[in-house]
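Visitor: coordinates for the following, if possible.
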Amino acid sequence: MSIRYYLYISDIKVDMLLSQIDPSFAGRRTTEAGMSLKLFSFKRSVEASAPDRVARLERVLEYLREPERTGSVDDPGPYFRGTLPMQWGPLRGEGGGSSVYFGGRTARTIVGLGGAGSHVLGGSAPQDPVFAASSMPSLLAGLAAAFAADGVEMPPDPSALAWVHSAGRLLRGPAQSVEFVARRLLEGPSPYPELDPRPDMRVLLGSPLYVAMAD
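Guide: Take a look at the predicted model:
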């Protein structure tokens, strides 16, 4: 297992996948929690939760390392991985802070990653969102609210690809080199080829399993 400094881990997606990939591994936490309660060692169970969280993620990543399951940012499969500089932070606007967004690009692809702010390490619990913050309807609604709150000119094209293409203007601060694995939600040609450095640019939106600092 490689050593990573995690910024974001989606326990919900990890547990959903793990229950299908390795049900025996997925059931360990429930069994261990039950035993701990019987032995009145709840404190010990809580202290072990952080390493258990990473072990569960690593088991899912091991499964996704097969090439047919995980592609790259420029050639994504159902899942994609990458290492690149990205700006990131909470989306402002209605429900501000409930969603976090990572934005960056390669020479060929504009990429955005969005998820629940509560999955940022040290983040707070979500405030009863109607949809999961990592779902495409919620992410696009969050981007629309953030454009309005920041006073940034909204994309003239109302398509989902246009929102992702323009989302980088919402992010502040320097780019940070990160690595990630994400589920592909949306991919297609750039709606603004005349504004891009090359006419065949693509736009990609994903929901990350994890994001970590990269050297």
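
Visitor: go ahead and confirm Ala167 touches Ala144.
Guide: No: using CB atoms under 8 Å as the test, Ala167 is too far from Ala144 to be in contact (10.3 Å). Every residue, glycine included, has its C-beta placed from N, CA and C.

Visitor: neighbour count: the two, which is higher?
Guide: Ala167 (27 against 17; other CB atoms under 10 Å).

Visitor: how about the more buried one, what does it touch?
Guide: Tyr101, Gly103, Gly112, Leu143 (CB atoms under 8 Å, 6 or more residues apart in numbering).

Visitor: tell me which two of those sit farthest apart.
Guide: Of all pairs drawn from these, the widest gap by CB to CB lies between Gly103 and Leu143 and measures 10.3 Å.

Visitor: which residues are in contact with both of these two?
Guide: When contacts are counted by CB under 8 Å, 6+ apart, the set common to Gly103 and Leu143 consists of Ala167, Leu170.

Visitor: so where is the chain shaky, pLDDT-wise?
Guide: The model of the chain has pLDDT under 70 over residues 1-2, 26-51, 94-97, 123-134.

Visitor: longest strand anywhere in it?
Guide: Looking across the chain with DSSP state E, the single longest strand is strand 176-189.

Visitor: for that strand, which positions count as buried?
Guide: Across strand 176-189, burial judged by 16 or more other CB atoms under 10 Å covers Val178, Glu179, Phe180, Val181, Ala182, Arg183, Arg184, Leu185, Leu186, Glu187.

Visitor: so what's the fifth one closest to, chain neighbours aside?
Guide: Closest residue to Ala182 in three dimensions, ignoring its sequence neighbours and counting by CB to CB, 6 or more residues apart in numbering: Gly206, at 3.3 Å.

Visitor: tally up the residues packed near the one you found, please.
Guide: By other CB under 10 Å, 28 other residues sit near Gly206.

Visitor: that one: what's it in contact with?
Guide: Contacts of Gly206 were listed using CB under 8 Å, 6+ apart, and they are Pro76, Phe80, Val111, Gly112, Leu113, Gly114, Ala182, Arg183, Arg184, Leu185.

Visitor: what is the nearest of those residues to Ile3?
Guide: Of those, the one sitting nearest to Ile3 (CB to CB) turns out to be Ala182, at 20.7 Å.

Visitor: so that closest one sits against Pro208, correct?
Guide: Yes: with contacts counted by CB under 8 Å, Ala182 reaches Pro208, the gap being 4.3 Å.

Visitor: on that earlier part again, of the contacts of Ala167, which is the most crowded?
Guide: Busiest of the contacts of Ala167 [other CB under 10 Å] is Gly112, holding 28 neighbours.

Visitor: would that one count as being in a helix?
Guide: No: read with DSSP: H, G, I helix; E, B strand; the rest coil, Gly112 is strand and lies in no helix.

Visitor: ok, it touching Gly103?
Guide: Yes: here Gly112 lies in contact with Gly103, judged by CB under 8 Å, at a distance of 5.1 Å.

Visitor: would you mind putting the buried residues of strand 176-189 into JSON lines with distance to Asp200 alongside?
Guide: What follows is the buried residues of strand 176-189, written out as JSON lines (distance: CB to CB, whole Å):
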{"residue": "Val178", "distance to Asp200": "25"}
{"residue": "Glu179", "distance to Asp200": "26"}
{"residue": "Phe180", "distance to Asp200": "24"}
{"residue": "Val181", "distance to Asp200": "25"}
{"residue": "Ala182", "distance to Asp200": "22"}
{"residue": "Arg183", "distance to Asp200": "24"}
{"residue": "Arg184", "distance to Asp200": "19"}
{"residue": "Leu185", "distance to Asp200": "21"}
{"residue": "Leu186", "distance to Asp200": "18"}
{"residue": "Glu187", "distance to Asp200": "13"}
